[in-house]
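>>> A predicted structure for the sequence below; I have some questions about it.
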Amino acid sequence: MSKEIPKVDFDKSKDLNIQIMSFDELLANLLKSKDHDPYQLHRIEFFLILINTHGSFSHFVDFKSYRLEKGDAIFIAKNQVHHFSKEIKQCSGFCIIFRSVFSGKEYYLPELLKLNRLFNYHLSSPLIRQKEFDQDKLTDIASSLHYEFHFNKSFAKAEILNALLQALLLKAERAKEAQLINTANLHWLDLFNRFKEMLEKEFNQTRNARLYASELAISYKFLNDIVKELSGKTAKEFIDDFVIIEIQRYLASTSLSVKEISYKTGFEEPSNMIKFFKKKTQKTPLDFRHKR
């Protein structure tokens, strides 16, 4: 395994931050991969959507398997670990890749309209079933995106792709809202997301839930209530599980030593990280690396 987490190349000739491929085009690109095996775990540094239009296949995200049937879609966030299954060769669909939801010349949503649930793998499954879209279909928008991406006229291409992807993301967010109808308090979701963003930046410095509550200017009890309501875990349990996933990602996608991973994930002594990991997973880090 390489210490460098592989990236998928974008079509820089079109000066776009988005790429849309049919599964056939995706498979052709996967065959060109030289720095990693796309059918083995690797971390991605972009957002990825797979929309299945024919057949059935499994996809692996953060060490879990998800089965996609016709009309289903899976949303994989930046920095998640995933890999393709070879079953996808027997299926049809679309793959959408983009670098960022909000930043860059072509941002895909108004800043005030946040994706509170979509790509929020801490709250729910990354998979949305066709039945959860009700009468909506992502396949039609995905087809239009694919057509526009390959259309030979460049005028307003970025703006049209922007509008189409925005519609697709909002339809998916609407499906997520229905999926999480009992936890739809937007203020709590916003605070949870701010907590998660802080955790992503600071988890290797502190795992103290009280400090995160202080940074959010709320009480520890309120933070604990929010996290428990939305994730089913206490704030401490959520932080611990977050750190475990980060350790697993390093173990799966890099050749860093256990000692190096310990320091990267905020442990002063490797022995403390090993004890923490074994308590939470019943495996040592090396067992996890070798037996996954």
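Cool, the structure landed. Numbering: from 1, shown residues only.
>>> going forward, measure contacts between C-alpha atoms and count neighbours the same way
Noted.
>>> domain ranges for the chain?
12-182, 186-291 (automatic domain parsing).
>>> The longest one: how far from the chain's middle?
In this view, domain 12-182 has its centroid 10 Å away from the chain centroid, taken as Cα atoms, centre = their mean, to the nearest Å.
>>> what do you get for the shortest one?
Once both centres are worked out by Cα atoms, centre = their mean, domain 186-291 turns out to sit 16 Å from its chain's centre.
>>> Where does residue 30 sit: helix, strand or coil?
helix (DSSP: H, G, I helix; E, B strand; the rest coil).
>>> do you know how far it is from residue 88?
Distance of residue 30 to residue 88, computed by Cα to Cα, to the nearest Å: 12 Å.
>>> In terms of neighbours, single out the busier of those two.
When residue 30 is set against residue 88 and neighbours are counted by other Cα atoms under 10 Å, the residue ahead is residue 88, at 21 against 16.
>>> circling back to that earlier point, any chance of TSV for the domains of the chain, columns mean pLDDT?
What follows is the domains of the chain, written out as TSV (pLDDT from 0 to 100):
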stretch	mean pLDDT
domain 12-182	84
domain 186-291	92
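>>> for the stretch 51-200 of the chain, what spans make up the helices?
138-150, 157-179, 186-202 (DSSP state H, counting those that start in this stretch).
>>> For the second one, which residues meet the burial criterion?
For helix 157-179, burial by neighbour count (16 or more other Cα atoms under 10 Å) applies to 157-158, 161-162, 164-177, 179.
>>> same deal with the shortest one?
The neighbour-count criterion (16+ other Cα under 10 Å) identifies 138, 139, 142, 143, 145, 146, 148, 149 as the buried residues of helix 138-150.
>>> could I get those as TSV with distance to residue 235?
Shown next, in TSV, are these (distance: Cα to Cα, whole Å):
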residue	distance to residue 235
138	35
139	38
142	37
143	41
145	40
146	41
148	44
149	43
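>>> just curious, which of those is nearest to residue 242?
residue 138 (30.4 Å; Cα to Cα).
>>> Residue 51 is in contact with that closest one, correct?
Yes: look at residue 138 against residue 51 with Cα atoms under 8 Å: they come within range, at 7.5 Å.
>>> what sits in contact with each of those two?
The contact sets of residue 138 and residue 51 overlap at residue 71 (Cα atoms under 8 Å, 6 or more residues apart in numbering).
>>> Give me the helices and strands touching the helix or strand encompassing residue 250, please.
Following DSSP states H and E, one finds residue 250 within helix 235-253. Here helix 235-253 touches strand 42-43, helix 209-215, helix 220-231, helix 258-264, helix 285-291, going by 3 or more Cα pairs under 8 Å, 6 or more residues apart in numbering; DSSP states H and E.
>>> Would you point to the one among these that's packed deepest?
The highest mean neighbour count among the helices and strands packed on helix 235-253, using mean count of other Cα atoms under 10 Å, belongs to strand 42-43: a mean of 25.
>>> List the contacts of it.
So strand 42-43 is contacted by 5, 6, 36, 79, 80, 81, 82, 83, 249, 252, 253 (Cα under 8 Å, 6+ apart).
>>> Starting from that strand, tell me which strands it pairs with and how they run.
Applying DSSP bridges, strand 42-43 is found paired with strand 81-84 (antiparallel).
>>> And for the partner strand, what's in contact with it?
Contact with strand 81-84 is made by 38-44, 58-63, 249, 253, as judged by Cα under 8 Å, 6+ apart.
>>> Buried ones only from those, please, as a ChimeraX command.
The following ChimeraX line selects those of the contacts of strand 81-84 that are buried, judged by 16+ other Cα under 10 Å:
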select :38,41,42,43,44,58,59,60,61,62,63,249,253
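>>> about what we covered before: let me have the helices and strands packed on helix 235-253 in TSV, adding distance to residue 98 as columns.
Listed next are these as TSV, based on distance: least, Cα to Cα, whole Å:
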stretch	distance to residue 98
strand 42-43	15
helix 209-215	30
helix 220-231	27
helix 258-264	27
helix 285-291	29
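>>> closest to residue 153 out of those?
strand 42-43 (33.8 Å).
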